[in-house]
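> Dropping a prediction and its sequence here:
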Amino acid sequence: MASAFEGVEKRLEIIFSASTSNKNLREKLTRNVLHQILKPVDCKIEDLLSEDQVDAYLLSASSLFVFDDFVILKTCGNTKIFECMKELIRVAAREVNSVLYTRALAEKLNDTNLGLEKVEDAVLGVNDEKQWHILSDFPHAADNNTKEVLTVELCMRRLDREKASIFEEKTSPTSEKMTEASGIGLIFPEAKLSTFAFSPCGYSMNSVEGKAISTIHVVPEEAWSFASFECCGYEFKDDESLQQVVARALACFKPKMFTLAIRSNLPVIGGEPQCNLDPDGYSCKREICSLEKGGSVVYYYTV
């Protein structure tokens, strides 16, 4: 049987310099403008959750978040995520402070993918299913936010069959029922959610809570079951509060295998949480990688 799974998601983050005009990035990157920009990527907008600090778009192939000074785009395996970069930068009409690309899969890429001159490349993990690829450039990283921001990316495979079946139309006919039955709404109970159910199966969710966002995407078919969870912008006071969120996400799917990448935009200088996580029921291996040009650090766990 041929696989309908297009592969694990790709994530592209572009941080721009502060605006020198009255227009912020969200005013420039409107829904109509983004509709055109996303065409070469081969995905379309399904829903929009617009809040005070972020516009959260559910796409036919994952998610897009537009803040006043940066953009996060996630797309599934067959999409051409880099095809939108030049147009995003042109419309933003601002200097690029940093570009970061991640994917839970090792792949051969080169500098032309980012359209920038000096790219830092790193691969974490020991085999194809458990590798994490980071491609980055930080031409003006010193101008980025000096307050710590944690980004958590969790990729889960071989989902529990009972949990995965929740995301099938015959079991849960609406995205709201999928959200409730799976426990996804309990991960960040105060967040506002935008959800979408695919036919005959599959699910996507974006959430916004102030300046913080999270997103989930699910492919439930048994032969290639996969779910991804990401959150960014939440302030975790310690490792325990971070581990609680990871545990809630894992409980929604009970995967047999997962990779977890936690990235801080600041270098380790002492006193901050060290991301020493130990999820119940799992034996994890941990690696730490410093992105020298950007001054950030990645904690990477594999099961």
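Arrived safely, thanks for sending.
> from memory Tyr299 sits against Ile288, does it?
Yes. If you go by Cβ atoms under 8 Å, Tyr299 and Ile288 touch, sitting 5.7 Å apart. Where you see a C-beta, it was placed from the backbone N, CA and C, and this is true even at glycine.
> May I ask which helix or strand encompasses the residue sitting nearest the centre point of the chain?
By Cα atoms, centre = their mean, the chain has its centre lying nearest to Glu230, at 4.6 Å. Under the criterion of DSSP states H and E, Glu230 resides in strand 226-232.
> For the following helix or strand past that strand, buried residues please.
Where DSSP H and E defines the elements, the next helix or strand beyond strand 226-232 is helix 239-251. Buried positions in helix 239-251, judged by neighbour count with 16 or more other Cβ atoms under 10 Å: 242-243, 245-246, 248-251.
> what packs against the next helix-or-strand element following helix 239-251?
Where DSSP H and E defines the elements, the next helix or strand beyond helix 239-251 is strand 257-264. On a contact count with 3 or more Cβ pairs under 8 Å, 6 or more residues apart in numbering; DSSP states H and E, strand 257-264 meets strand 150-157, helix 239-251, strand 296-302.
> Strand 257-264 versus strand 150-157: what angle between them?
170 degrees (axes from the mean of the first three to the mean of the last three Cα atoms, to 10 degrees).
> Regarding Ala181, what is its secondary structure?
helix (DSSP: H, G, I helix; E, B strand; the rest coil).
> Could you do Gln53 as well?
Once three-state DSSP is applied, Gln53 turns out coil.
> how far away is the residue nearest to it when sequence neighbours are not counted from Leu73?
Leaving aside its sequence neighbours, Gln53 sits nearest to Lys211 (Cβ to Cβ, 6 or more residues apart in numbering; 4.7 Å). Noted for Lys211: a distance of 18 Å to Leu73, by Cβ to Cβ, to the nearest Å.
> So for the two, which sits in the more crowded spot?
Neighbour count, other Cβ atoms under 10 Å: between Lys211 and Leu73, Leu73 has more, with 28 against 16.
> Check what pLDDT that one gets.
Looking at Leu73, its pLDDT reads 96.
> For it, give me its contacts.
Counting by Cβ atoms under 8 Å, 6 or more residues apart in numbering, Leu73 touches 11-13, 41, 63-65, 81, 84.
> Top of the residues you listed by number of neighbours, please.
Busiest of the contacts of Leu73 [other Cβ under 10 Å] is Ser63, holding 28 neighbours.
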